[in-house]
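A.B. asks: From the sequence below, what's the structure:
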Amino acid sequence: MSISDNISAKIEEIHQEREAIGDPNAPHEIGDDVRKKAMNAIFGDKEHYVTYMQLFANNEEELARLMPTNGGAAEEEKRNIARAYLVANGMCAPGTGDGLLNNVTVDLNLP
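C.D. replies: Purely as a prediction, here's the structure:
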């Protein structure tokens, strides 16, 4: 699976949970977990960032692509933008989860 597929799978988990609960105002364990980890990634340290990105990585190679480097190449800048959107989009997960892929490019799928 690609990272985009992993994100789509998380969106589907959130959708299924929302449908099973049937009440948009009730607690949603998966969506709330995504939101909490996204918030910790924003305000916490690198460990919190890694914990959030592990939600979307099935192996070490995928996790490595979700981690920023200090490289200055244009490709790395595109990936950093996608990474930032992925964290920011996680803040909306409890409501819908639909937006996790918004502005997250396929650049994260590429080695």
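A.B. asks: which other residues reach stretch 7-21?
C.D. replies: When contacts are defined by Cβ atoms under 8 Å, 6 or more residues apart in numbering, stretch 7-21 is touched by residues 1, 24, 28-31, 34, 55-56, 86, 93, 96-98, 100-101, 104. Placement of C-beta: from N, CA and C, glycine included.
A.B. asks: From those, which land in helices?
C.D. replies: Using DSSP state H, the members of those that fall in helices are 29-31, 34, 86.
A.B. asks: Report the buried members of those.
C.D. replies: 30-31, 34, 86 (16 or more other Cβ atoms under 10 Å).
A.B. asks: With respect to residue 6, which of these is nearest?
C.D. replies: Residue 6 has its nearest neighbour among these in residue 86, at 10.7 Å by Cβ to Cβ.
A.B. asks: any idea which helix is longest in this structure?
C.D. replies: Max-length helix for the chain by DSSP H is helix 3-21.
A.B. asks: In CSV, could you pull the C-alpha coordinates for that one?
C.D. replies: C-alpha atoms of helix 3-21 as CSV (Å, rounded to 0.1, in the frame of the first residue of the first chain):
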residue,chain,number,x,y,z
ILE,A,3,0.9,6.3,2.1
SER,A,4,-2.1,7.7,0.4
ASP,A,5,-3.8,4.3,0.6
ASN,A,6,-2.9,4.2,4.3
ILE,A,7,-4.5,7.6,4.8
SER,A,8,-7.6,6.5,2.9
ALA,A,9,-7.8,3.4,5.1
LYS,A,10,-7.8,5.6,8.2
ILE,A,11,-10.5,7.8,6.7
GLU,A,12,-12.6,4.6,6.0
GLU,A,13,-12.1,3.5,9.7
ILE,A,14,-13.4,6.9,10.8
HIS,A,15,-16.4,6.7,8.5
GLN,A,16,-17.2,3.2,9.7
GLU,A,17,-17.0,4.2,13.3
ARG,A,18,-19.2,7.2,12.7
GLU,A,19,-21.8,5.1,10.9
ALA,A,20,-21.7,2.5,13.7
ILE,A,21,-22.2,5.1,16.4
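A.B. asks: what mean pLDDT does it have?
C.D. replies: The average pLDDT within helix 3-21 is 92.
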